[in-house]
Structures are given as structure tokens and as C-alpha cells.
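Asks: From the sequence below, what's the structure:
(4 chains)
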Protein chains: 2
Amino acid sequence: MPKQGRSLETRSRILEAAARVFAAHGYGKGTTNRIAEEAGISVGSLYQYFPNKDAILVELSRAHIHDGEALIAARFADTDLPADLEGRVRVFVEAAVANHIDMPRLHAVLFEQAPWSPELVAELRAFEDRTITAAESLLAADPSVRVTDLRVAATFVVGTIEALTHRFIVSEPARLAVPAFVEEMVAMVSRYLTGGA
Amino acid sequence: MPKQGRSLETRSRILEAAARVFAAHGYGKGTTNRIAEEAGISVGSLYQYFPNKDAILVELSRAHIHDGEALIAARFADTDLPADLEGRVRVFVEAAVANHIDMPRLHAVLFEQAPWSPELVAELRAFEDRTITAAESLLAADPSVRVTDLRVAATFVVGTIEALTHRFIVSEPARLAVPAFVEEMVAMVSRYLTGGA
DNA sequence: GTCTATACTGGGATAGAC
DNA sequence: GTCTATCCCAGTATAGAC
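Replies: Down below sits the predicted model:
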């Protein structure tokens, strides 16, 4: 497996081609031949860069997780993070949307059709756990938050944002427009956290 | 395609076997040979009852949709339906959980791996639309509901209950215990609908 | 009506030439 | 390092015997 220069570039080309092919044809019909063709190389060459089809897919999933983590980390570190709860919730909902809006069909394939190895599941899980813990500390520091169990609330909120982003953004056809979705999400989650009426 | 007596029984046996096989092995590895074996017949016989593998799967999906609709309809028709909003939300959350709790892995396969024909997608969609409309009329009749757009709220609530049930009940391993999940769901949705603090 | 044995196909992966 | 041609297998579906 080459590690530098032109080789890395070819590797990227394959990954980008694979993203387009999986998005267009799904996992099953996203064949290695098609990917190679889309990348402008032959199957034989493709197999010089990846040991098998699944390795390509794993790399795409890993990249998605990594992007998500970077996006969230940037928000947490932001010194301009709004002070009020609703504003903060909005920031994270918008981050979740941003992480899925560009290639929704690819994400659908990655999360709903592709086979996930135990290792990859563990990686996703670890990312979620870090996010939940970070969310928990944000909630703990906010006096307007009124819930009985911070950990449960953080778990529920993080899961809700992710699941509903998939439901309303990734899956087609759209049932709600993006701005409407964000508004309802922010309203629901912040009302939940502040204890309701 | 036989329509009576022992034939129908065999048909049911195949469907039940298929449910177990898909739940255990997923869509791809849930082969027709395995299904036949599990049903105690041969592949040849299986193909006398179903034209192809996907027809079996479609039948399972259709049954799930049908069960869901029956469950919801029963709740709507129930004269003992609680009068207060929170009580009503709880009833429907519990119905959604009940419709997924028995064979979670099968549902995961049905909704995340199996290929859905346009017709089947349309059927699911129609069911959802009927549910949204019914929910909308319930919300309209309730004075404690304070939302700007009833249709949007109904769409959002129905989608939320379904998506989060999948997220927290169907997918493994469980991140929250079932009772905790129901409590948080009821709290979040009813606070959302009553307009929050 | 049910079986066994097999034909057929798609697609992942590799051999070997250049 | 890249190509083409091909191997090979898994799995759907069918033929034909009983």
C-alpha cells in the first residue's frame, strides 16, 4: 500500500469515485468494476490500493465519523458559543445537518445498507460516547436545564439529534424543509431540557 | 399460488421461517436455501409458494406495516383513550414500542438492508400520511396544544416517535432501557406540543 | 406437490502480460 | 503499476424424477 505522492492521489480518486457510485447505485449494485471505471482506472489497479470492496466502504464510513467529530469539536471550542440554551442547541442541530446535507444518499448507504464490522461499530460508539459526555458537561453547567438524570438526558438528546437528522435530512423524499426541521428540532429539544411548561 | 387449507399453512410456515432467518443472518446471508431448510421443506417447494426471494421479504414488510396500522387504529378507536395530552402521547409511544419490541433484528433488516420497491415505499408512505392526518385532528381538538402549524407539528411528532423507536429499540446494543426511553419520549413530545416553558 | 441435482448469473478477486 | 482476461464462488432459480 503506497503511502506518498501520486499514489495517495489515486487513492483519493478511488474513494471519491466510490462515494459517487455508492450514492448512485447503493451498496449491492455499487460494484468494484463500476468504481474503477468511475475513477478512470481498471479493476486490477483498484485492488492494488484496497484489499477488497469493504475496505473502501470502511474508509468512507471512517471519514464520515471523523468529519462529524471535527465539526462537533470545533463548535465546543468556539468562544462565540451562545450563552443561552436554545442558541446552543441550535448550533449543534445545525452542525448535525451540515454533516449530512452534502451527500445524503451516500450516508443512507453507509448507515443502512453497508455491513459494519465490529471494530467500526466500536469506533462510532466511542465517538458517540465522547459526544454524550461533552454534552453532559454543557448541560451540567447550564442553570436553565431541569432534568432528573443528566446522563440519560444527554444520551437521549444526542441520539435524538442524530436519528432525526437521518430521518428528515438523509431519507428521501424530504417530509419537511430544512429550515422548518431545524426550528422544530430546536424547539423540541430545548423545551425538553428546560422541563417544559 | 394455492389459496386454501394446508397450502396456506405451508405459506405461513415459510414466512415465519424467513422472519427468523433474516433476523439471524441479515438480508444478504438470508438465503432461500436456508429459509427452506428452516421451514422444513426444500428450495424447490419454496418456489412453488413464492416467485422469488424478494416476494417473501415484501410480504414480511407488508405485514409489519399492517400490524402497525391495526395497532394505531385500535388506539384511536379506544373509548378509554386518556383525556390529557401526556397520557395520549404515552399511549402512542407505547404502541410504537410494542410494534417493534418482538423481533427487533428482523425490523432492522426490513428497514435498513432490504431493497424496497417503489410500490412498497408508497404503501408505507400512505400509512404514514394517514397516521399524520389522524394525529393532526387529535392535536386540533386539544386546547393544551400550542404550535404554530398543526400539520408540521403532526408530521414532526409522528416521524420522531417512529425514528426514535427504531434508534433506541431496534438498534443494538440498547443505549437506554425501555422504560427510561418511554419516559423521556413522552416528556419531550408533550413539552414540545404544549409550547414549552 | 415435493424432492435432488444442476444450470445460470453476477460480481469479487487474481494471474500474467506488458 | 496498470491493464485485460479469467477464475471462482455463492446464491437464485429451474428441470425433471418420483
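Asks: Whatever helix or strand A:Arg105 lives in packs against which elements?
Replies: Secondary structure assignment for A:Arg105, by DSSP states H and E: helix A:104-112. Judged by 3 or more Cβ pairs under 8 Å, 6 or more residues apart in numbering or on different chains; DSSP states H and E, the packing partners of helix A:104-112 are helix A:6-29, helix A:53-77, helix B:104-112. No exception for glycine: its C-beta is placed from N, CA and C like everyone else's.
Asks: The longest one packs against which elements?
Replies: Right, helix A:53-77. The helices and strands touching helix A:53-77, judged by 3+ Cβ pairs under 8 Å, 6+ apart, are helix A:6-29, helix A:85-101, helix A:104-112, helix A:118-140.
Asks: Which of the residues in that helix are classified as buried?
Replies: Residues of helix A:53-77 classed as buried: A:53, A:56-61, A:64-65, A:68-69, A:72, A:75 (neighbour count, 16 or more other Cβ atoms under 10 Å in any protein chain shown).
Asks: quick check: angle from that helix to helix A:104-112?
Replies: Between the direction of helix A:53-77 and that of helix A:104-112, the angle (axes from the mean of the first three to the mean of the last three Cα atoms, to 10 degrees) works out to 110 degrees.
Asks: wait, does helix A:53-77 make contact with DNA strand C?
Replies: Yes: interface with DNA strand C: helix A:53-77 contributes A:Lys53, A:Asp54 (Cβ under 7 Å from any atom of the strand).
Asks: what does that helix rub up against?
Replies: Around helix A:53-77, the neighbours that count as contacts under Cβ atoms under 8 Å, 6 or more residues apart in numbering or on different chains are A:14-15, A:18-19, A:22, A:27, A:32, A:35, A:50, A:81, A:91-92, A:95, A:98-99, A:106-107, A:110, A:114-117, A:120, A:123-124, A:127, A:130-131, A:134, A:138.
Asks: Quick one: buried ones out of those?
Replies: By neighbour count, with 16+ other Cβ under 10 Å, the contacts of helix A:53-77 hold A:14-15, A:18-19, A:22, A:27, A:32, A:35, A:50, A:91-92, A:95, A:99, A:106-107, A:110, A:114, A:116, A:120, A:123-124, A:131, A:134, A:138 as buried.
Asks: right, is the worst-scoring helix or strand of chain A on mean pLDDT up against DNA strand C?
Replies: Each helix and strand of chain A was given a mean pLDDT (mean pLDDT, DSSP states H and E); the minimum falls on helix A:104-112 at a mean of 93. No: for helix A:104-112, no contact with DNA strand C is found by Cβ under 7 Å from any atom of the strand; the gap never falls below 13.0 Å.
Asks: what's the distance between that helix and the middle of its chain?
Replies: Between the centre of helix A:104-112 and the centre of its chain there are 10 Å (Cα atoms, centre = their mean, to the nearest Å).
Asks: Give me the residues contacting that helix.
Replies: Residues outside helix A:104-112 that contact it (Cβ under 8 Å, 6+ apart) are A:19, A:22-24, A:26-27, A:30, A:57, A:60-61, A:64, A:100, A:166, A:169-172, B:111-113.
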